[in-house]
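Chemist: Sequence and predicted structure below; questions after.
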Amino acid sequence: MATHVRRRWVLAAVLLIIGAGRAEAQVSELAVERRLAEELGLRVGDTLRIGPAVDSLTKLGVVTAIYEPRPDPAEVAKRERHVRMHLPDLAALLGAPDRVDRYAVALRPGVTPDAAAAALNLTAFGYRAYSSRVIASESSQTFLVVSRFHRAIAVITIVASAVFLLCIMLLKVEERRLDAAVMRFVGVRRRTIFGALLLEAAVIAALGSVAGSGLAYVAGAATNAYYRRFFDTGLTFSLITPEIVLFSVGLSLVLGVAAGAAAAWRLVHTRPLVLWGRG
Amino acid sequence: MSGLAWAVQGLIRRRLRTLLAVCGIAISAAMLLDMVMLSGGIEKSFAELLLAKGYQIRITPKGTLPFDTEATLAGASGIVGRLRRDTAIESAGAVLGASLYGRIGDSLVTLVGYGIQPEAQGVYQMQRGRDLTPQDTLGVLLSPAVAGLLGAGLGDTVSLVGRLDPQVAAAGVSRRLVVRGIVRWVYDYRGQPSIGTILPVMQALASGGRDDSASLLLVKVRNDAEVAAVSDRLRGEFPGLEVYSVADLVRFFKQRLVYFRQLSYILATMSLIVTVLLITTLLTITVNERLGEIATLRAIGIARSTIVRQVLIEGTVLTIVGAALGIVLGLGTARYLDSILTSFPGLPAAFSFFVPRRDSLITAGLVLMVTGSLSGLYPAWLAARAPIAATLRSEAT
């Protein structure tokens, strides 16, 4: 019972209601978001008492539609629920007839949105005009911050990976000390040994990159599956594009080969007897 | 030679690889430290922010979080009066948030207005000048941003208007107020142009004074231990309102920022894995290279346990040195990462994502130390089971 009452209050708060179109009957038509309908157990045809506040649930509304909202990253963590009503119904419910939060304006061909917004703002009193581009830019600020954070984490990860790779390559090449010593004893040129070690480093880096890409795809799929379920949304949380794969593989190869080259250069410039452990 | 000296000598002998390993561990430790700070910091910083003025309970319109929507609760003065008569409550005050405008010559600038009850307010701290009195209908408090925007100082008069009507191009309400003080609004984002008046003045600017409304009520309970009980009681007394203790709000906030907490767990785990891989790989190869040395030690009577201990000490030394560097590196990167995340639009300027907490830092340090030390187990096992005779024969050829 308590849950039912609480849910009714949440619905009654009508804070998330978005007006659209016009009403014809006294009983308001309601289009309820799918998640809200599931949470409240609502079906098309159900009647609800609605109002602007908990203590004034004076109007009736009938659920005429249950809709799936377009996935919106700005809403995903808020867990807000929406109901759509005809604009006059909502205005009457709120006791604010002929008032709206915003207008959408479609321009004639040839008129630029920025110029139109500037012209409107010259005479604006009590409102402000924005082009869609500016609104998109403003509303995406949060995601730009997240994106910057991800990039910073990526840089730290790349530095850590580079050090790790260099260390592993150094150890891998160091393992070949005796082989390198023997090759030097039998007259194999430094350049040949260096080339062989470099090739080995490149092969290891390539194999590691391929394995890493596979791992990234699996991790990305797991991330999407988890967060889609967690937030009950169709948003894509992890997107691995060919450009990202190319960048990652390219970077791994360059780092791997560079690390291998550094380690190999150090090895081939060490005296063979030292490599053999008798120097 | 002691186990520690043996381990240190072994590490010094291979300077380059030791240096690289220490660098790798340091970066991993820095990442671990940052992520531990991130996972606990959000919670701590938010709780501190909410308790900045000691108010432990917020009351808002049903179904809303404080200042999350433009919803207001009606009959604010009456509710505050009831709250103040409660013996468990030390003080209670209402806050109304509204959008209004400041006049500069012929133009208007958009401002955020707070209507407050000066005798019980928890949303600002005085910086200069004096506070409003409960009956001060002519005074206004400005944030430094608004003072700069309006070019107003203490004692100056500013013109504020509200309820603009685009159809008749006129303001419904206009007030000329004297600047009493410059304040820091606790929950404002950086540079937010906020002003404050006593509640009735702001109600007049926002709605023409028709509604005795407020965005939220702040409640300070006398005894911290009774906050949960008082919250429950208030929920019963005001079923049409939402009653949140700081703990409730922290829980909601954590839910909204769940992504960052989970990301911090994932990255911290990855950091530990990298540390384990690095130390295990390094020690395994080192042990393989030193099998002859180990076999000789075993041949002259050194116990297996001593060899195992020495390898483990080597791993521990690497971890300690790497972790020490990692702390310095981690604190630096935390400041940088914090500067990125605190630029979230609308986030209170006083909020911080990366907050060092002693308990979580100690936990992270212990986990790193234990993990780093245990990373030497496999190479230590390899060292302990090396066949003495075969290894010595192989080394001799």
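Modeler: Thanks, I have the structure now.

Chemist: Next one: stretch B:376-394, is it in contact with chain A?
Modeler: No. Stretch B:376-394 does not reach chain A (Cβ under 8 Å from any Cβ of the partner chain); its nearest approach is 11.5 Å. Just so you know, the C-beta spots here come from the backbone N, C-alpha and C atoms, and that holds for glycine as well.

Chemist: starting at the chain centroid, how far to that stretch?
Modeler: 49 Å (Cα atoms, centre = their mean, to the nearest Å).

Chemist: repeat for stretch B:368-379
Modeler: 31 Å.

Chemist: Stretch B:338-349 - what's its average pLDDT?
Modeler: Averaging the model's pLDDT scores along stretch B:338-349 yields 84.

Chemist: do stretch A:69-85 as well
Modeler: Over the span of stretch A:69-85, the pLDDT mean works out to 81.

Chemist: ends of that stretch, how far apart?
Modeler: For stretch A:69-85, the first and last residues are 14 Å from each other (Cα to Cα, to the nearest Å).

Chemist: can you list the residues of the stretch 151-300 of chain B near chain A?
Modeler: Counting by Cβ under 8 Å from any Cβ, the residues of the stretch 151-300 of chain B close to chain A are B:164-166, B:169-170, B:239-241, B:255-259, B:267, B:271, B:274, B:277-278, B:281-282, B:285, B:288-289.

Chemist: among these, which are in helices?
Modeler: With helices defined by DSSP state H, the entries of these inside them are B:255-256, B:258-259, B:267, B:271, B:274, B:277-278, B:281-282, B:285, B:288-289.

Chemist: right, and B:Ala323 touches B:Ala29 too?
Modeler: Yes. B:Ala323 lies in contact with B:Ala29 (Cβ atoms under 8 Å); the separation is 4.6 Å.

Chemist: what helices or strands is the lengthiest helix in chain A leaning on?
Modeler: Looking across chain A with DSSP H, the single longest helix is helix A:190-231. Contact here means 3 or more Cβ pairs under 8 Å, 6 or more residues apart in numbering or on different chains; DSSP states H and E; on that basis helix A:190-231 packs against helix A:141-174, helix A:177-185, helix A:242-268.

Chemist: now the angle from it to helix A:242-268?
Modeler: Helix A:190-231 and helix A:242-268 are oriented at 150 degrees to each other (axes from the mean of the first three to the mean of the last three Cα atoms, to 10 degrees).

Chemist: For helix A:190-231, give the mean pLDDT please.
Modeler: For helix A:190-231, the per-residue pLDDT averages 90.

Chemist: gap between it and the chain center?
Modeler: 22 Å.

Chemist: Also stretch A:166-175?
Modeler: Relative to the mean C-alpha coordinate of its chain, stretch A:166-175 is positioned 36 Å out (Cα atoms, centre = their mean).

Chemist: Can you give the domain ranges for the chain?
Modeler: You didn't say which chain, so I picked chain A. A:2-94, A:104-138, A:140-276 (automatic domain parsing).

Chemist: nope, chain B please
Modeler: Per automatic domain parsing, the domain ranges recorded for chain B read B:3-49+B:257-396, B:63-239.

Chemist: Mean neighbour count added to those domains, as a markdown table?
Modeler: Formatted as a markdown table, the entries for those read as follows, by neighbours: other Cβ atoms under 10 Å in any protein chain shown:
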| stretch | mean neighbour count |
| --- | --- |
| domain B:3-49+B:257-396 | 19 |
| domain B:63-239 | 18 |
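
Chemist: ranking these by mean pLDDT, which is last?
Modeler: domain B:3-49+B:257-396 (a mean of 83).

Chemist: from the chain's centre, how far out does that one sit?
Modeler: Taking mean C-alpha positions (Cα atoms, centre = their mean), domain B:3-49+B:257-396 and its chain are 25 Å apart.

Chemist: and if you look at stretch B:146-155?
Modeler: Using Cα atoms, centre = their mean, the distance between the centre of stretch B:146-155 and that of its chain works out at 32 Å.

Chemist: Mind listing residues that contact it?
Modeler: Contact partners of stretch B:146-155, identified using Cβ atoms under 8 Å, 6 or more residues apart in numbering or on different chains, comprise B:102, B:104, B:109, B:111, B:128-129, B:142, B:158, B:178-182, B:193-195.

Chemist: closest to A:Met183 among these?
Modeler: Top of the list for closeness to A:Met183, among the contacts of stretch B:146-155 and by Cβ to Cβ, is B:Pro193 at 73.8 Å.

Chemist: Now the residue of chain A found nearest chain B: phi and psi?
Modeler: At 3.0 Å from chain B, A:Gly126 is the closest residue in chain A, using Cβ to the nearest Cβ. Phi and psi for A:Gly126, reported as degrees, to the nearest 10, are phi 90, psi 10.

Chemist: I'd say it and B:Gly162 touch.
Modeler: No. With contact taken as Cβ under 8 Å, A:Gly126 and B:Gly162 are classed as non-touching, separated by 10.1 Å.

Chemist: Low-confidence stretches in chain A?
Modeler: The model of chain A has pLDDT under 70 over residues A:1-25, A:278-279.
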